[in-house]
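Chemist: With the input below, show me the fold.
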Amino acid sequence: MRKKLALLLCTVPMLLSACSAKRPAQPPLTFRTALLQSGGCSFTAAITADYGESAASFTLDCVFSPETGASVTVTEPESIAGIQAQVKDTAASVSYDGMQLGLGSLADGNLAPLAAPYVLGQCWAGEYIDATGTEDGLLRTTYRMGYEEKELVVDTWFSQEPLAPVRAEISFEGRMVLRTDISAFSMRQPTQLTEE
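Modeler: Next up is the predicted model:
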């Protein structure tokens, strides 16, 4: 009798789970698909880079495309406002319109602070999704970019309606090296071909 009862108790949850509604697609994958279909995004990033004994804060207007990387324009602080950069990788060397900006590098030289929008965009568009869950009403997704001694861990918090990034942190070897508050996020509008 006990064996039958135990068997019944084990099968009831399995049968009831078949009655549940179909779950929607995972939000990070839904976001990734929309980003790739639109060809990229634009956003404002208020960045704080943590160098250990000091920190630097600046704000960037960013445009990201999976094909071409990120274009950034410094908007704050005023002393460096207007500097533009095209970023195509995470390294500490970023090309500026004929200028070198000394913001240093993070993560043992694996991350330039102005490369953060590129890193975020690449993670959203195609890097490995390690974990996802909710935290304080936001969807938190953890991405891993790179391998072994060059691996960056990127946590992004998304609003759920509409699904858009609002904050991100980049960590290296278990230590947060950069924090970004994201605003004015929008997907790019795909260009349409016109007939002549």
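Chemist: Residues in a beta bridge with residue 182, which ones?
Modeler: When assigned by DSSP bridges, residue 182 has beta-bridge partners residue 45.
Chemist: distance of it from residue 173?
Modeler: 24 Å (C-beta to C-beta, to the nearest Å). Yep, even glycine has a C-beta here, placed from its N, CA and C like the rest.
Chemist: out of those two, which sits in the more crowded spot?
Modeler: Each of residue 182 and residue 173 has its neighbours counted (other C-beta atoms under 10 Å); residue 182 has more, 22 against 12.
Chemist: I figured the more buried one hits residue 167, correct?
Modeler: Yes - applying C-beta atoms under 8 Å as the test, residue 182 and residue 167 come out as touching, 6.2 Å apart.
Chemist: and for the host helix or strand of residue 61, what are the contacting residues?
Modeler: Here residue 61 sits within strand 55-65, counting by DSSP states H and E. With C-beta atoms under 8 Å, 6 or more residues apart in numbering as the contact definition, strand 55-65 has outside contacts at 39-49, 70-77, 80, 103-104, 113-114, 116-118, 120-121, 125, 188.
Chemist: So among those, which ones count as buried?
Modeler: Neighbour counting with 16 or more other C-beta atoms under 10 Å marks 39-49, 70-72, 74-75, 103, 113-114, 116-118, 120-121, 125 as buried within those.
Chemist: can I assume residue 123 sits in a helix?
Modeler: Yes - Residue 123: assigned to a helix according to DSSP: H, G, I helix; E, B strand; the rest coil.
Chemist: Report the separation between it and residue 45.
Modeler: Counting by C-beta to C-beta, the gap from residue 123 to residue 45 is 14 Å.
Chemist: same question, residue 151
Modeler: Distance from residue 151 to residue 45, by C-beta to C-beta: 22 Å.
Chemist: all helices for the protein, in order.
Modeler: Applying DSSP state H to the chain gives helices spanning 2-17, 27-38, 116-126.
Chemist: For residue 55, give the beta-bridge partners.
Modeler: On the basis of DSSP bridges, residue 55 is bridged to residue 50.
Chemist: what about it, neighbour count?
Modeler: 11.
Chemist: quick one: it from residue 178, how far?
Modeler: 10 Å.
Chemist: residues shared between the contacts of those two?
Modeler: Listed contacts common to residue 55 and residue 178 are 48-49; contacts here mean C-beta under 8 Å, 6+ apart.
Chemist: Which residue comes closest to the residue most central in space within the chain once chain neighbours are left out?
Modeler: The centroid of the chain falls nearest to residue 120 when counting by C-alpha atoms, centre = their mean (3.5 Å). Residue nearest to residue 120 in three dimensions, not counting chain neighbours: residue 168, with 5.5 Å by C-beta to C-beta, 6 or more residues apart in numbering.
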